[in-house]
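1. Pasted the sequence and its predicted model underneath.
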Amino acid sequence: MTTRDTEMTAWLRELPKAELHLHIEGTLEPALMFALAERNGVTLPYESVEAVRAAYDFDDLPSFLTLYYQGMGVLHTRENFFDLAMAYFDRAREDGVAHVELSFDPQAHRVRGVPLEAPFEGLLAACREAESRHGISSALIMSFLRDRDPAEAMEVLEQAAPWHASIAAVGLDSAERDHPPGRFAEVFARARAMGIPGVAHAGEEGPAAYIREALETLDVCRIDHGVRCLEDADLVATLRERRIPLTVCPLSNVKLKVTPTLAEHPLPALRDAGLNVTLNSDDPAYFGGGMLDNHVACHEAFGWTRNDFLAMTRNALEAAFMAEERRDVLLKRLDNVAQDV
Ligand SMILES: Nc1ncnc2[nH]cnc12
Ligand SMILES: [Zn+2]
């Protein structure tokens, strides 16, 4: 790494970044996985932290999801969710993250007999602690699993009534191929009627048509990933005209073989097409890097300058579910950083 690159890393750390696409269960580091397994009497199919890391060699999204759902099996209590989120917030603070939107998958816990109260109360307590300990603001996105029955998602939405005021948005994730978003139209409409907006993973492994379908049938305000939109010029025009934010996750896309290498990632093409791109980490414990690593990797792969990162950070702050006063504060911080460029 050259001196200039080290300087760039330090500068990227100072950027008041907003992480809009983060699965909190995907921040579970192997060491904490082992500690929680012991605490909860869960047997893991690994001998050591090194063995866990060695298993993180994925062929595609489904092969990752198998380990992701297995790993989160150590999470049982609200304290476990609190510990998980605080460990993430401590790392996010080191990366200079100012605002985080945490997605979580209540169905994946409910099927294991973990009540909704555990993730909701544990994560909300961690969000409050992150604000007071680190000055990091946050929001909660309750995601539905697209490879399960939409009726179950509807049931979870209704059961989450005690926490509706604490949910910034509902999301849609898990295995994308052959699981079109339209099946969840009623669930998203019900959430919208309660004043809860929607976001959805689309165009990660699935076709561009799923992105259009998510916009048209779920009326989502952001697309998670969306990288395959480039296969449909009309869709690109729609995304550009509506300034729909794409929460892109570069290191995730390489790890899950959405793209062979970062150098071949469509990120530069997405930006050249005038799209509203933001940078995010997705599942940092599994994909080898948090927000700062993703930014540094993009600097190295694409030669992006400070102005490029300022523009994408602005996109994220403008797309975030945050109070307007908080947005004003962070945009002002961004302007201060920009003045020195
Ligand atoms: N990258 C990803 N795509 C779809 N579902 C997920 N759940 C956690 N990470 C995911
Ligand atoms: Zn994701």
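-> Right, received. Where do you want to start? Ligands and ions are numbered 1, 2, ... in the order given.
2. At the contact with ligand 1, which residues of this protein appear?
-> Counting by Cβ under 6 Å from any ligand atom, the chain comes close to ligand 1 at His23, Gly26, Leu61, Tyr68, Asp173, Ser174, His201, Glu204, Ser252, Asp282, Asp283. Every C-beta, even on glycine, is put in place using the N, C-alpha and C of the backbone.
3. hang on, isn't the fifth one packed against Met142?
-> This points to Asp173. No: counting by Cβ atoms under 8 Å, Asp173 sits too far from Met142 to count as a contact (10.8 Å).
4. Between those two, which contacts overlap?
-> Residues touching both Asp173 and Met142 (Cβ atoms under 8 Å, 6 or more residues apart in numbering) are Ser103.
5. Let's see which of the residues of the chain next to ligand 1 end up in strands.
-> Judged by DSSP state E, the residues of the chain next to ligand 1 include His23, Asp173, His201 as members of strands.
6. Including pLDDT and neighbour count, could the residues you listed go into JSON lines?
-> Conversion of those to JSON lines gives the following (pLDDT from 0 to 100; neighbours: other Cβ atoms under 10 Å):
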{"residue": "His23", "pLDDT": "99", "neighbour count": "25"}
{"residue": "Asp173", "pLDDT": "98", "neighbour count": "26"}
{"residue": "His201", "pLDDT": "99", "neighbour count": "30"}
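7. List just the nearest of those residues to Arg110.
-> Using Cβ to Cβ, Asp173 is the member of those that lies nearest Arg110, at 15.2 Å.
8. Look up the closest residue to Arg148, ignoring the ones flanking it.
-> Spatial nearest neighbour of Arg148, chain neighbours left out: Gln107 (6.1 Å); criterion: Cβ to Cβ, 6 or more residues apart in numbering.
9. Contact partners for that neighbour?
-> Phe144, Leu145, Arg148, Glu152, Ala153, Val156.
10. Report the contact partners of the second one.
-> Which is Leu145. Leu145 touches Asp105, Gln107, Ala108, Ala153, Asp173, Ser174, counting by Cβ under 8 Å, 6+ apart.
11. Neighbouring strands - and their directions - for the helix or strand hosting Leu140?
-> Leu140 belongs to strand 137-145 when assigned by DSSP states H and E. Under the criterion DSSP bridges, strand 137-145 sits next to strand 97-104 (parallel), strand 167-173 (parallel) in its sheet.
12. any idea which of those strands is most buried?
-> A comparison of those by mean neighbour count, using mean count of other Cβ atoms under 10 Å, puts strand 97-104 on top with a mean of 25.
13. Whichever residue of the stretch 151-300 of the chain sits closest to ligand 1 bridge partners, please.
-> Proximity of the stretch 151-300 of the chain to ligand 1 (Cβ to the nearest ligand atom) peaks at Asp173, 3.5 Å away. Going by DSSP bridges, Asp173 is paired in beta bridges with Leu145.
14. and it, what is it in contact with?
-> Residues near Asp173 by Cβ under 8 Å, 6+ apart: His23, Ser103, Asp105, Ser143, Phe144, Leu145, Arg146, His201, Asp224.
15. hmm, try it at 7 Å
-> Neighbouring residues of Asp173 by Cβ atoms under 7 Å, 6 or more residues apart in numbering: Ser103, Asp105, Ser143, Leu145, Arg146, His201.
16. Fine, thanks again, bye for now.
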